[in-house]
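Chemist: any chance you could fold what I've pasted below:
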Amino acid sequence: MEESKQIQCPVTEALKILGGKWRIPILWKLAEEPLRYNELKRRLAGITNIMLTRSLRELEQYRLVERIQHETVPPNVEYLLAEDGKKLIPALNLIKEWGIEVIEEYPFSDKN
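Modeler: Numbers count the residues shown, from 1 in each chain. Sure, this is the predicted structure:
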């Protein structure tokens with residue numbers, strides 16, 4: 001008898017890819033426009049160079065972000081949403097709208 005494969009939950013798998021503190025904020029910034037590394041870092045208050053580099057590499061591995069190296073002097077690297085990353089934006093917009101409703105209905109406190 002052949003062992004059956006366990007079916008993974010698509011939502012859980014997607015959240016594993018998008019999880020972490022910085023991946024969604026990076027995707028949001030790149031949804032606005034392609035950005036160079038330092039421009040992206042300036043727009044993400046509090047992110048370290050190590051975390052930005054690691055997060056960008058992981059997002060590249062998942063084919064959500066593309067890294068374009070322009071052959072200029074000095075070298076210029078730009079990051080932009082890949083096609084798979086662009087597909088996420090409508091879903092993230094829905095989550096954003098839901099979040100706005102939740103915040104309005106259940107105000108959160110920083111006192112906890």
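
Chemist: for the longest helix anywhere in the chain, which outside residues touch it?
Modeler: In the chain, assigned by DSSP state H, the helix with the most residues is helix 83-105. The contact list for helix 83-105 (Cβ atoms under 8 Å, 6 or more residues apart in numbering) reads 18, 24, 27, 28, 30, 31, 59, 62, 63, 64, 65, 81. All C-beta spots, glycine's among them, are computed from the backbone N, C-alpha and C.

Chemist: now these: which count as buried?
Modeler: Among those, the ones that count as buried by 16 or more other Cβ atoms under 10 Å are 18, 24, 27, 30, 59, 64, 65, 81.

Chemist: list the contacts for the third one?
Modeler: Remark: with contacts taken as Cβ under 8 Å, 6+ apart, residue 27 is in contact with 18, 59, 64, 65, 81, 85, 88, 89, 92.

Chemist: could those residues go into TSV alongside pLDDT and distance to residue 52?
Modeler: Putting the contacts of residue 27 into TSV (pLDDT from 0 to 100; distance: Cβ to Cβ, whole Å) gives the following:
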residue	pLDDT	distance to residue 52
18	92	16
59	97	11
64	97	15
65	98	12
81	97	16
85	96	16
88	94	19
89	95	20
92	92	19
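
Chemist: just put the residues you listed in CSV and tack on distance to residue 44.
Modeler: As requested, these are exported to CSV (distance: Cβ to Cβ, whole Å):
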residue, distance to residue 44
18, 16
59, 13
64, 16
65, 13
81, 15
85, 16
88, 18
89, 17
92, 16
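
Chemist: out of the residues you listed, which comes closest to residue 49?
Modeler: The nearest member of the contacts of residue 27 to residue 49, counting by Cβ to Cβ, is residue 59 at 15.8 Å.

Chemist: which other helices and strands contact the helix or strand where that closest one lies?
Modeler: Here residue 59 is covered by helix 49-61, with elements defined by DSSP states H and E. Counting contacts by 3 or more Cβ pairs under 8 Å, 6 or more residues apart in numbering; DSSP states H and E, helix 49-61 is packed against helix 23-32, helix 37-43, strand 65-70.
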